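Asks: Sequence first, then the predicted structure, then my questions.
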Amino acid sequence: MEITTQQTPDTMSAVVQRSFGSSETLRNEKVAVPVAGSDQVLIEVHAAGVDRGVWHLMTGLPYLVRLAGFGFTKPKQPVPGLDVSGRVVAIGENVTRFEVGDEVFGIGSGAYAEYAVGDEKKLSHKPANLSFEQAAVATISGITALQALTDVGNLQAGQSVLVIGASGGVGSYAVQIAKAMGATVAGVASKSKGDLVRSLGADHVIDYRQDDYLDGTAKYDLIVDTGGRNPVRRLRRALSKEGTLIIAGGEGGGKVTGGFGRQIRAKILSPFVSQRLTTFVSKEHHSHIDRLAGFLSSGDVVPAVGEEYDLDSVAQAIDDLVAGRAAGKSVVVIKK
């Protein structure tokens with residue numbers, strides 16, 4: 001049973017995908033408004049974020065995605081979109097943390113639609129100083145960066161951090177959070193995105209097309225690789241003797257494991273060297289979103305909102321991301 005105090009329609013506009021494939025499989029359709037389960041809320045979606053996870057779930061690649069329970073021959077959830085912000089319009093009978101009318105952000109299901117459901121445990125109250133667009137691009141990338149630096153990397157003030165992919169989703173948060181924690185930060189990006197990385201607070205900006213930043217000239221206490229394709233052996237050259245490498249993402253590779261092959265090799269090698277070589281899977285829980293909200297509320301971290309798209313342009317948003325044309329986090333704006 002859900003509790004609703006705001007009239008909601010029976011149908012809504014949504015982006016729908018009936019089979020795995022490229023962005024050409026996406027269609028805009030009228031579908032039924034979802035119903036919140038006992039531990040869920042129904043959100044009137046204002047905005048939704050665009051990240052690599054959306055592409056993986058759209059294509060079903062690497063095949064590990066399908067084995068992880070997201071659908072074997074077609075997407076288990078036909079409406080894509082995870083990062084979400086909006087207003088609660090209905091709550092499940094077991095929900096205690098939210099009321100109808102609350103502004104929320106977090107991880108939902110089927111966010112590229114006018115309404116989406118979200119588990120109570122994966123949502124937090126939206127900081128008052130954030131727009132819905134900013135909040136929509138915060139959660140997935142933000143908590144990944146936060147957990148990489150704190151829970152996995154054990155970052156301490158005064159340490160040096162190298163963020164590879166500093167202009168992207170996770171990278172843009174990693175730069176800001178590391179700076180807020182007192183680290184010296186070097187950010188790797190293309191020359192065209194250098195100004196963005198500087199605006200995030202990076203002490204040094206490295207153009208990966210011009211500088212061999214992994215030749216060992218500079219050593220870092222912590223390296224966060226958010227999506228590069230550098231071999232582990234090269235990453236180790238830029239790592240201090242007892243430094244930590246965290247592979248928080250990776251593209252390329254085959255259809256079976258994709259870029260995850262580097263993570264596997266790093267974990268196998270780590271016990272035999274003085275450096276710590278690791279990876280992790282971000283935990284999706286409101287405790288981490290609440291921690292992130294603290295950085296957002298204080299202004300220490302400001303979401304780097306990139307290009308804005310509407311529901312009719314979701315395919316273009318994903319294509320732009322994959323082609324490397326996106327800077328910061330792209331956002332799909334559903335309700336102004």
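Replies: Here it is on my side, so go on. Being a predicted model, the structure only gives us computed values, none of them experimental.

Asks: Count the residues that sit near P78.
Replies: For P78, the neighbour count with other C-beta atoms under 10 Å is 17. All C-beta atoms are positioned from the backbone trio N, CA, C, and that covers glycine.

Asks: so what's the closest residue to it other than its chain neighbours bridging to?
Replies: Nearest residue to P78 in three dimensions, chain neighbours excluded: V16, at 5.2 Å (C-beta to C-beta, 6 or more residues apart in numbering). In this structure, V16 bridges to R27 when assessed by DSSP bridges.

Asks: Look at V188 and tell me its secondary structure.
Replies: strand (DSSP: H, G, I helix; E, B strand; the rest coil).

Asks: which ones are touching it?
Replies: 162-166, 206, 208, 213, 228 (C-beta atoms under 8 Å, 6 or more residues apart in numbering).

Asks: Would you reformat those as a markdown table and include distance to R265, secondary structure and neighbour count?
Replies: Compiled in a markdown table, the contacts of V188 are given as follows (distance: C-beta to C-beta, whole Å; DSSP: H, G, I helix; E, B strand; the rest coil; neighbours: other C-beta atoms under 10 Å):
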| residue | distance to R265 | secondary structure | neighbour count |
| --- | --- | --- | --- |
| L162 | 19 | strand | 29 |
| V163 | 21 | strand | 36 |
| I164 | 17 | strand | 28 |
| G165 | 19 | coil | 23 |
| A166 | 24 | coil | 30 |
| I206 | 24 | strand | 23 |
| Y208 | 21 | coil | 17 |
| Y213 | 21 | coil | 21 |
| G228 | 14 | coil | 22 |
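
Asks: and which of these is nearest K241?
Replies: Relative to K241, the closest of these is L162; by C-beta to C-beta it sits at 15.3 Å.

Asks: Count the residues that sit near the residue nearest to P78.
Replies: For V16, using other C-beta under 10 Å, the count is 19.

Asks: From P75, how far off is it?
Replies: Counting by C-beta to C-beta, to the nearest Å, the separation of V16 from P75 is 9 Å.

Asks: same question, D310
Replies: Separation of D310 from P75 (C-beta to C-beta): 22 Å.

Asks: A266 too?
Replies: From A266 to P75 the distance is 30 Å (C-beta to C-beta).

Asks: Kindly indicate whether the residue most central in space within the chain is helix, strand or coil.
Replies: In the chain, the residue lying closest to the centroid (C-alpha atoms, centre = their mean) is S141, at 2.8 Å. Following three-state DSSP, the label given to S141 is helix.

Asks: got it, and the one 3 residues further on?
Replies: Going by three-state DSSP, the secondary structure assigned to T144 is helix.

Asks: which ones are touching S282?
Replies: 140, 143-144, 147, 288 are the contacts of S282 under C-beta under 8 Å, 6+ apart.

Asks: Pull out the buried positions in stretch 21-39.
Replies: By 16 or more other C-beta atoms under 10 Å, the buried positions in stretch 21-39 come out as 23, 25-26, 28, 31, 33-34, 36-37.

Asks: in the stretch 51-200 of the chain, what spans have low per-residue confidence?
Replies: 61-72 (pLDDT under 70).

Asks: make it 80
Replies: 60-74 (pLDDT under 80).

Asks: Any buried residues in stretch 96-106, and which?
Replies: 98, 100, 102-106.

Asks: How about residues contacting it?
Replies: 3-6, 41, 43, 84-91, 118, 120, 122-126, 130, 132, 135-136, 138-139, 286, 289.

Asks: Against which helices or strands is the helix or strand hosting E44 packed?
Replies: In this assignment (DSSP states H and E), E44 forms part of strand 40-49. Contacts defined by 3 or more C-beta pairs under 8 Å, 6 or more residues apart in numbering; DSSP states H and E place strand 40-49 against strand 83-92, strand 115-119, helix 132-136, helix 139-146, strand 329-333.

Asks: Test my guess that G37 contacts V117.
Replies: Yes: counting by C-beta atoms under 8 Å, G37 does reach V117; the two are 7.1 Å apart.

Asks: circling back: was I right to think the residue nearest to the centre of the chain contacts G169?
Replies: Yes: the pair S141 / G169 is scored as a contact, 3.6 Å apart, by C-beta under 8 Å.

Asks: Next, show the common contact partners of the two.
Replies: 49, 51, 329.

Asks: Name all residues that make contact with the last one.
Replies: Taking C-beta under 8 Å, 6+ apart as the contact definition, K329 lies against 49-51, 137, 141, 168-169, 172, 303-306.

Asks: can you pick the most crowded of those?
Replies: S172 leads the contacts of K329 on contacts (other C-beta under 10 Å) with 35 neighbours.

Asks: For it, give me its contacts.
Replies: By C-beta under 8 Å, 6+ apart, the contact set of S172 is 141, 166, 196-197, 200, 303-304, 328-329.

Asks: Now with 7 Å, please.
Replies: 166, 200, 304, 328 (C-beta atoms under 7 Å, 6 or more residues apart in numbering).

Asks: That one sits in which helix or strand?
Replies: helix 169-180.

Asks: and that helix with strand 83-92, angle?
Replies: Here the directions of helix 169-180 and strand 83-92 differ by 90 degrees (axes from the mean of the first three to the mean of the last three C-alpha atoms, to 10 degrees).
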